[in-house]
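Student: okay, here's the prediction I keep looking at, along with the sequence it came from:
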Amino acid sequence: MQIVIKGVASVYEPENIARMFFPGARLEKALGRGDAVLARAGRRLAAGVRLNGVCTLRFAPAPTGEKERECALAALVYELLRAVTGIRPPWGKLTGVRPVRIIHDQRAAGNTEAGIEALFVDHYDCTREKFELARGIADLQRPILARAKPLDYSLYIGIPFCPSRCSYCSFVSLSTERETKLMQPYVDALCREVEAMRKEAAACGLALKTIYIGGGTPTALAAAQLRQLMGTVRECFDLSGLEEYTVEAGRPDCTDAEKLAVLKEYGATRISINPQTFSDAVLARIGRRHTAADILRCYREARAAGHQNINMDLIAGLPGDTVEGFAQSLAAAIALSPENITVHTLTLKRASNLVIQSEEGGYADVAAMLEKCRALAGAGYRPYYLYRQKNTLQNLENTGWCKPGYEGCYNIYIMEEVHSILSAGAGGSTKLCQPGGSRIQRIFNYKYPAEYIAGFDTILKRKEGVSRFYAGYLDPQTTG
């Protein structure tokens with residue numbers, strides 16, 4: 001399927017609308033033979049689809065504003081493709097990552113609850129079920145967001161190493177077997193960056209609220225390296241006032257009792273042990289070098305080490321999985337009674353082996369898999385955060401569920417963009433949020449560990465941008 005879009009400065013909205021109906025469609029400059037979606041903005045808007053030799057067209061008046069033209073063209077494409085294919089995407093015309101954020105923004109702008117519902121259900125053509133999911137999450141987040149202050153921030157620390165690469169993964173993640181020699185120099189540099197970020201944050205008067213050490217797999221580091229990193233964090237920051245300190249211990253093939261004890265000793269208050277599935281056959285197919293029994297062993301050791309807030313990730317739509325298999329994995333996770341269970345829908349990312357190797361997966365029943373998540377509500381879990389991604393199967397979502405009082409604060413803060421996230425490590429993206437405003441600025445680290453180490457002086461120089469960003473809002477003599 002080809003996508004050809006003409007007459008608008010940005011093709012983002014109509015292009016992504018077309019891909020909701022035809023995943024994998026290619027954006028082209030000119031129309032060729034075969035199936036195609038065409039969208040054009042001129043004196044009037046036109047949308048057409050050629051499918052199996054049959055052409056269908058629709059027209060509409062063209063708005064004057066550039067953004068309005070893009071959105072109106074996207075809406076026309078949506079209406080055409082919904083009529084031709086008979087498909088109704090569950091989130092309707094919404095292409096963005098943060099549907100819950102729309103509800104927060106609408107409430108802040110003074111819109112009524114009925115008006116917000118009409119926006120989602122009538123304007124965006126969102127199903128009532130998805131709207132109620134988003135509204136319930138927004139309600140749950142309200143008191144957490146209300147306590148956020150303009151100068152709060154979170155610290156993210158990235159560990160780009162894993163025992164093996166999962167077939168669906170597109171993150172920067174190097175094999176510990178092949179890249180062992182890089183790991184200690186990387187940790188040394190990372191500790192220096194953490195120290196530099198503490199100085200930047202202190203100079204700006206920022207208040208640290210949450211820490212998140214993610215990956216990759218942080219527990220791919222040796223126990224001594226974890227002590228070095230988390231010891232540096234403890235030396236640099238007062239951990240007593242933290243709302244949350246999360247460390248991903250996601251892979252049982254590199255997480256043992258010693259490392260779990262280190263995480264507890266150095267201040268982690270929340271950890272993730274991520275099975276993705278409890279099917280040994282599916283685990284092997286996605287490149288995981290552990291079994292479901294290893295997951296159970298890791299979970300027992302975490303509880304024995306004193307961890308009282310554990311998250312477990314599951315993925316709906318993994319190659320080779322079935323609705324029944326996913327339901328069994330969900331039941332196995334619920335039986336363990338972790339404080340959080342996060343359910344992701346498989347996303348086909350261009351840099352993943354799953355896409356590169358064009359592996360065929362059993363994706364047709366992923367919506368039915370998510371229907372099984374009703375069991376989470378029956379077990380006392382509540383959805384507390386939600387986000388969406390491009391190329392997610394059937395235009396579905398990722399949802400975090402928790403027991404009451406165990407909401408993952410970092411997940412809420414980063415998704416709703418209420419304060420800055422200072423990011424350390426290879427591939428890190430620091431996101432600076434304007435106090436009391438809507439401006440966001442990003443500072444990027446080098447992507448790969450080797451270039452991160454080699455270009456470390458440049459990274460430290462870039463981090464000085466944190467002080468420059470806040471100076472424009474905190475210095476009363478500055479008008480920027």
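Tutor: Okay, I see it. Numbering: from 1, shown residues only.
Student: quick one, phi/psi of residue 254?
Tutor: Taking degrees, to the nearest 10, you get phi -140, psi 10 for the backbone angles of residue 254.
Student: right, I mislabeled it, should have said residue 455
Tutor: Per degrees, to the nearest 10, the backbone of residue 455 is at phi -100, psi 30.
Student: ok, residue 312 next?
Tutor: As for residue 312, its main-chain torsions (degrees, to the nearest 10) stand at phi -130, psi 130.
Student: now residue 53
Tutor: phi 80, psi 0.
Student: again with residue 384
Tutor: Phi and psi for residue 384, reported as degrees, to the nearest 10, are phi -120, psi -20.
Student: same check on the one 3 residues further on?
Tutor: Dihedral pair for residue 387: phi -150, psi 160, per degrees, to the nearest 10.
Student: my guess is it contacts residue 414. True?
Tutor: No - the criterion here is C-beta atoms under 8 Å, and residue 387 misses it with residue 414 at 9.2 Å. Placement of C-beta: from N, CA and C, glycine included.
Student: domains in the protein, as residue ranges please.
Tutor: Following automatic domain parsing, one gets these domains for the chain: 2-85, 99-144, 147-424.
Student: possible to save these as a markdown table with mean pLDDT?
Tutor: Putting the domains of the chain into a markdown table (pLDDT from 0 to 100) gives the following:
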| stretch | mean pLDDT |
| --- | --- |
| domain 2-85 | 93 |
| domain 99-144 | 96 |
| domain 147-424 | 89 |
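Student: next, count neighbours for the nearest residue to residue 291 once chain neighbours are set aside.
Tutor: If you skip the residues right next to it in sequence, residue 291 has residue 280 as its closest partner in space, 5.0 Å away by C-beta to C-beta, 6 or more residues apart in numbering. Residues lying near residue 280 (other C-beta atoms under 10 Å) number 14.
Student: secondary structure element for residue 451?
Tutor: When elements are defined using DSSP states H and E, residue 451 is found to belong to helix 449-454.
Student: for that helix, packing partners?
Tutor: Using 3 or more C-beta pairs under 8 Å, 6 or more residues apart in numbering; DSSP states H and E, the elements in contact with helix 449-454 are helix 180-204.
Student: in the helix it packs on, which residues are buried?
Tutor: Going by neighbour count (16 or more other C-beta atoms under 10 Å), the buried part of helix 180-204 is 182-183, 186-187, 189-191, 193-194, 196-198, 200-201, 204.
Student: elements contacting that helix?
Tutor: If you count contacts as 3+ C-beta pairs under 8 Å, 6+ apart, helix 180-204 packs onto strand 152-159, helix 223-236, strand 420-424, helix 449-454, helix 456-463, helix 465-474.
Student: next, format those as a markdown table and append mean neighbour count.
Tutor: Putting those into a markdown table (neighbours: other C-beta atoms under 10 Å) gives the following:
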| stretch | mean neighbour count |
| --- | --- |
| strand 152-159 | 24 |
| helix 223-236 | 19 |
| strand 420-424 | 24 |
| helix 449-454 | 19 |
| helix 456-463 | 16 |
| helix 465-474 | 17 |
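Student: okay, the ones you listed in CSV with distance to residue 252 next?
Tutor: Converted to CSV, the helices and strands packed on helix 180-204 look like this (distance: least, C-beta to C-beta, whole Å):
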stretch, distance to residue 252
strand 152-159, 16
helix 223-236, 15
strand 420-424, 26
helix 449-454, 24
helix 456-463, 32
helix 465-474, 36
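Student: pretty sure residue 325 contacts residue 280?
Tutor: No - under the criterion of C-beta under 8 Å, residue 325 lies out of contact with residue 280, with a separation of 10.8 Å.
Student: quick check on residue 396: phi, psi?
Tutor: Backbone torsions for residue 396, taken as degrees, to the nearest 10, come to phi -100, psi -160.
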